[in-house]
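# sharing a model prediction with you, sequence too.
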Amino acid sequence: MAPGHLAQSSPSASVASVEVIPGKLKVKIFLHDITSQGESISCWSYLTDGLKTQRQKEMILTLCGEKDQKPEKYLQDILGLFVKIYSAAEQGRVLDAGDAILFGDTGFVGRKDVRGIGLVEAEDFPGVENRRPTARCNYPERR
């Protein structure tokens, strides 16, 4: 499969898997709900597999949106972010909870007003395979 293309997975696992850097970095994509203040919120979570080879903790990025939203909507931004994190880790620059990723004027996931995201300790989400990534990037898409 070509890098950056979605591969369908079984319904009980991830929705899709993407080989971002062939033989080095994959991202699994999950559709799931979280509950916040009594409200069920539809989310897409993108879980890395391969950062640990560069002494970088695996990461999960969760976008809150709508159930009919497709994982492809922001795929290139998200995969590009994970490639940059992998490349930085190859050079010895690793991230952890408490760190921030800054985007500058370009923004992130189609929004120029998103100038950065903070990394926090990961938590378990029902419906998301979790190998206990330590850092979580959490960005709410809903407005």
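Nice, thanks for sending it over. Numbering: from 1, shown residues only.

# so which residues of this protein form helices?
75-90 (DSSP state H).

# need the strands for it, in chain order.
6-8, 16-21, 25-36, 39-49, 59-65, 100-102, 116-121, 135-140 (DSSP state E).

# return the most buried member of those strands.
Stretch with highest mean neighbour count among the strands of the chain: strand 59-65 (a mean of 22; mean count of other CB atoms under 10 Å). From N, CA and C alone the C-beta is placed, and that goes for glycine too.

# next up, the contacts around I78.
Contacts for I78 (CB atoms under 8 Å, 6 or more residues apart in numbering) come out as 27, 46, 61, 63, 109.

# now those residues as CSV including pLDDT?
What follows is the contacts of I78, written out as CSV (pLDDT from 0 to 100):
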residue, pLDDT
V27, 93
Y46, 90
L61, 89
L63, 83
V109, 83
